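Q: coordinates only, sequence not included:
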């Protein structure tokens, strides 16, 4: 069966991997420039030096056996490591948070920089609409994007599924990425301090360059909502000021930039995944399971199981 998967995040790639292992012909499409999504790593060149920031998900945990097994496999490959300084059961990708996503995508047919604008029924299957999209007919389609992006794709074909997606609300998150000349006199992590939901010394994570003093500062959902439509240039300075109020005097700043995650964290949902066997269209993602990396993995796994029957 030829399967198109829209979205190359953890859920989409997990579903794609399992279907490919089962012998299906799978193509994955993603509008991003490369792997990562909300498990992204940003690399910044400054005065001939490279600085790295995990500016999306900060770590993940593994509680269910299926994900624990996957994490141990990644650990054996050297692409994840435990980070107990953040949490007893915390894991991170190495050398960047995007490492597991990158490894999964490299084993699949993933076409980045491809925005899917719509779906068209065609002889019991599906055609994809969008610039640069192949005119191949697919037997099945999987939609693995944030809830807010689901309805425009499937509303005409699966209105009940679209309505499920419309009922979900995701919280935004403004994130500052700051490099300092010297070490910040503070613990490696900081949580729930005023406008700051989380801050971490990125260079203290396993597999990072400890010679760089790089910090990721993430605003809490309430502050992020209130500032959602503002320009990134001003947000970075404001989050840095909140950080200074929390930890005290700071070393000179080499640079400071900010990123807006409009759909950072979804609410908990117990649906797991959705599969319409008659139309051969399905949905997976953390918004169907819960706001953790593990939830996205389990949702993709569940959808692959439903498709396989």
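A: Sure thing, it's come through. Just so it is clear, the structure is predicted and the values come from calculations on it, not from any experiment.

Q: what bridges to the residue nearest to residue 237 when sequence neighbours are not counted?
A: Using CB to CB, 6 or more residues apart in numbering and skipping the chain neighbours, the partner closest in space to residue 237 is residue 256 (6.7 Å). For every residue, glycine as well, the C-beta is placed using N, CA and C. When bridges are called by DSSP bridges, residue 256 pairs up with residue 178.

Q: what about residue 256, neighbour count?
A: 18 (other CB atoms under 10 Å).

Q: for it, give me its contacts.
A: Neighbouring residues of residue 256 by CB atoms under 8 Å, 6 or more residues apart in numbering: 176-179, 236-237, 240.

Q: so how far is residue 230 from the residue lying closest to residue 177 once chain neighbours are set aside?
A: Spatial nearest neighbour of residue 177, excluding adjacent residues (CB to CB, 6+ apart): residue 53 at 4.1 Å. Residue 53 sits 20 Å away from residue 230, going by CB to CB, to the nearest Å.

Q: end to end on stretch 209-227, go ahead and measure it.
A: 32 Å (CA to CA, to the nearest Å).

Q: wait, residue 304 touches residue 13, no?
A: No: the criterion here is CB atoms under 8 Å, and residue 304 misses it with residue 13 at 10.9 Å.

Q: pretty sure the residue nearest to residue 177 contacts residue 217?
A: No: taking contacts as CB under 8 Å, residue 53 lies outside contact range of residue 217: 10.0 Å.

Q: quick check: neighbours shared by those two?
A: The contact lists of residue 53 and residue 217 share residue 177, where a contact means CB under 8 Å, 6+ apart.

Q: ok, back up a step: which one's more surrounded, residue 304 and residue 13?
A: Neighbour count, other CB under 10 Å: between residue 304 and residue 13, residue 13 has more, with 30 against 26.

Q: what residue ranges in the stretch 51-200 of the chain score low on pLDDT?
A: For the stretch 51-200 of the chain, no stretch has pLDDT under 70.

Q: which residues touch the closest residue to residue 31 other than its chain neighbours?
A: Of all residues not flanking residue 31 in the chain, residue 115 sits nearest, at 4.2 Å (CB to CB, 6+ apart). Contacts for residue 115 (CB under 8 Å, 6+ apart) come out as 31, 130-131.

Q: separation between residue 115 and residue 132?
A: For residue 115, the distance to residue 132 - CB to CB - is 8 Å.

Q: what about residue 260, neighbour count?
A: The burial count for residue 260: 18, using other CB under 10 Å.

Q: out of the contacts of residue 115, who's nearest residue 152?
A: Distances from residue 152 to the contacts of residue 115, taken as CB to CB, are shortest for residue 130 (11.8 Å).

Q: I'd say residue 4 and residue 24 touch.
A: No: between residue 4 and residue 24 there is no contact under CB under 8 Å: 10.9 Å.

Q: so which of those two has more stuff around it?
A: A count of neighbours by other CB under 10 Å puts residue 4 above the other of residue 4 and residue 24, at 27 against 17.

Q: from the contact counts, what lies against the helix or strand that contains that one?
A: Per DSSP states H and E: residue 4 is located in strand 2-6. For strand 2-6, the packing partners by 3 or more CB pairs under 8 Å, 6 or more residues apart in numbering; DSSP states H and E come out as helix 10-21, strand 25-30, strand 125-129, strand 140-143.

Q: got the angle between the longest one and strand 2-6?
A: Going back to what we said before, that points to helix 10-21. Helix 10-21 and strand 2-6 are oriented at 170 degrees to each other (axes from the mean of the first three to the mean of the last three CA atoms, to 10 degrees).

Q: what's the spacing between the helix or strand where residue 233 lies and its chain's center?
A: Assigned by DSSP H and E, residue 233 falls within helix 232-247. Taking the mean of its C-alpha atoms, helix 232-247 sits 24 Å from the chain's own mean (CA atoms, centre = their mean, to the nearest Å).

Q: buried ones in that helix?
A: For helix 232-247, the neighbour count (16 or more other CB atoms under 10 Å) marks 235-236, 238-240, 242-243, 246-247 as buried.
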